[in-house]
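**Q** Okay, here's the prediction I keep looking at, along with the sequence it came from:
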Amino acid sequence: HLARSLPLPSNMNRPRIDLIMFVVNLHSKYSLRNVEESLRHVDATFFLGKVGFLATGAGRESHCSVHRSTVVRLARTYRSPLLFCDPEVDGFRVPVAQRLVRMLQICAGHVPGVSALNLLSLLRSSENPTLEDL
């Protein structure tokens, strides 16, 4: 299910929510503001491994309105995984899509022996810089 913002309409018939991915377009301050406002509508229990952030437009830093460190700080504040992506670059699309599918499989309970609480440690890599690295 895709939504432009939260909360979702209460009259919707929808399946269980296994994962919430907040997409921040680094080329739009409105996108960041919308995510920050939507975060207030997420139950605190979801931040135990069922929320993540996807920053798009990461390949063209010269056009960014939102600095990468701002999104890194946001993900750290909510102790949630962060993926950077530029959908216009072929080398970015497939690996990020694979990571998103894997995250969803874990959050939905389809990976034996791994829980959603393990997501943050599983996704740490050089692609997700720490604040000290920036």
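**A** Alright, I've got the coordinates. Residues are numbered from 1 along each chain as shown.

**Q** all strands in the chain, in order from the N-terminus.
**A** Along the chain, counting by DSSP state E, strands occupy 20-25, 51-56, 82-85.

**Q** average pLDDT across the last one?
**A** Mean pLDDT, computed over strand 82-85, is 90.

**Q** what's in contact with that strand?
**A** Strand 82-85 is contacted by residues 52-56, 58, 68, 71-72, 75, 92-93, 96, 99-100, 123, 127-128 when judged by Cβ atoms under 8 Å, 6 or more residues apart in numbering. C-beta here means a position set from N, CA and C on the backbone, and glycine is covered the same way.

**Q** Can you say which of those are buried?
**A** Among those, those classed as buried by 16 or more other Cβ atoms under 10 Å are 52-56, 58, 68, 71-72, 75, 92, 96, 99-100, 123.

**Q** quick one: the most centrally placed residue in the chain and A75, what's the gap?
**A** Centre of the chain computed as the mean C-alpha position; nearest residue by Cα atoms, centre = their mean is F53, 1.6 Å away. F53 sits 5 Å away from A75, taking Cβ to Cβ, to the nearest Å as the criterion.

**Q** same question, L83
**A** L83 sits 9 Å away from A75, going by Cβ to Cβ.

**Q** list the residues that contact both of the two?
**A** G52, F53.

**Q** Test my guess that L104 contacts I20.
**A** No - at 10.7 Å, L104 and I20 do not qualify as touching, with contact defined as Cβ atoms under 8 Å.

**Q** leaving aside the residues next to it on the chain, what's closest to V35?
**A** F22 (4.6 Å; Cβ to Cβ, 6 or more residues apart in numbering).

**Q** contacting residues for the one you found?
**A** Going by Cβ under 8 Å, 6+ apart, F22 touches V35, S38, L39, V51, G52, F53, L54.

**Q** so where's this protein uncertain?
**A** Residues of the chain meeting the criterion pLDDT under 70: 12, 60-61, 120, 122-134.

**Q** Please enumerate the helices of it.
**A** 29-39, 68-77, 90-107, 119-122 (DSSP state H).

**Q** Same list (the ones you listed) but as CSV, adding distance to S62.
**A** Below are the helices of the chain laid out as CSV (distance: least, Cβ to Cβ, whole Å):
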stretch, distance to S62
helix 29-39, 16
helix 68-77, 13
helix 90-107, 17
helix 119-122, 30
